[in-house]
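Mind looking at a prediction? Sequence and model below.
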Amino acid sequence: MMNAPPSPFQSRFYSAPDGLKLHLRDFGPRGSSALPVVCLPGLARTAADFDRLATAIAEGRAGEPRRVVAIDYRGRGLSDRDPNWKNYDIFVESADIQTMLAATGIEEAIFVGTSRGGLHTMVLSATRPALLRAVVLNDIGPIIEPLGLARIRGYVGKLPTPNSWADAVDLFKMVAGAQFTGLQESDWEEYARLTFEEKDGEFATRYDPMLMKTLEAMDIEAPLPRLWPQFEGLRNVPLLVIRGENSDLLSPQTLDEMIARHPGANAYTVPGQGHAPLLLDEASIERICTFIAAVPAPHP
């Protein structure tokens, strides 16, 4: 019987300020002199979303081998689920991220934030500006389109339970097929496996279904806050903004304004994908690695 290949990361656990046990994936050499990379996932996503990207960065495709940390927010992945769904809150999660940074000893880093992870990154630009040395925002900006938010609210925590992986793939094609027109069959299967897990023949999402409560509590008819002040905090760091060609959360107009407001910012559009690009394709991984490789070395 063949041995399984070694995992490209170490699972590490730490305690949130309220004692909840939280999880992260730690890739690459901790002693590298290169800036570390911190990956923050979307609302109902997990650290596993970044495995391909993180492995490429950790192995040296972004200049030299470097440490990459990807987190599971509370209630997602291997982090404990919170008995109080109201703690699935961006401010509570922000405190969790600060605790993670202290636990890992990261004092400055390049941040890759997908959707909600990008919101957290913009918040950090106000609370910990010296921490950010460069930023990748994956399909998120200061203006969140209400139609995209309504679509997300329509399925988070409400997906029917599949009976097989083939069912899970069909479900995702039904829910996201209009947005992700460029995926191959293998991409759909990976997307499904990054969202569901199977234990003893039973399927469940990799996130707490009670996340839906946080979305149901929002009044999406009311004007959503605009986060331009938080975005302005990124003006002095290198920025790459990724947008899915079919995204309904980050509009082309908002992307254009982000580039206009940030001197030297770069934009990359992922063809045939919506919100949020999966960062599984080689072109997206190469674009992010090239961006990271050009970021100046850490301060001595």
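Arrived safely. Residues are numbered from 1 along each chain as shown.

okay, CA-based contacts and neighbour counts for the rest of this
Will do.

Scan this protein for its longest helix.
As assigned by DSSP state H, the longest helix anywhere in the chain is helix 90-104.

can you list the weak-confidence ranges in the stretch 101-250 of the chain?
Applying pLDDT under 70 to the stretch 101-250 of the chain flags residues 220.

for residue 251, what are its contacts?
Applying CA atoms under 8 Å, 6 or more residues apart in numbering, one finds that residue 251 lies in contact with residue 145.

okay, it: pLDDT?
Note for residue 251: predicted pLDDT of 97.

now swap in residue 21 and tell me
98.

Can you get me a residue count around it?
Residue 21 has 17 neighbours, counted by other CA atoms under 10 Å.

and what of residue 226?
Neighbourhood size, residue 226 [other CA under 10 Å]: 12.

With the one 4 residues further on instead?
Each residue near residue 230 was counted by other CA under 10 Å, and the total is 20.

Mind telling me what element it is part of?
Here residue 230, judged by DSSP states H and E, is contained in helix 228-232.

can you check residue 276 too?
Residue 276 is part of no helix or strand, with elements assigned from DSSP H and E.

For this structure, which segments count as helices?
51-56, 90-104, 116-127, 146-153, 165-176, 185-195, 211-216, 228-232, 252-261, 282-293.

want to try CSV for the ones you listed, with distance to residue 23 as columns?
As requested, those are arranged in CSV below (distance: least, CA to CA, whole Å):
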stretch, distance to residue 23
helix 51-56, 15
helix 90-104, 9
helix 116-127, 16
helix 146-153, 24
helix 165-176, 25
helix 185-195, 16
helix 211-216, 18
helix 228-232, 27
helix 252-261, 32
helix 282-293, 24
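
right, and those - which one's nearest residue 74?
helix 90-104 (7.3 Å; CA to CA).

helices and strands around that closest one, which ones?
Packed against helix 90-104, as judged by 3 or more CA pairs under 8 Å, 6 or more residues apart in numbering; DSSP states H and E, are the following elements: strand 9-15.

Many thanks, have a good one.
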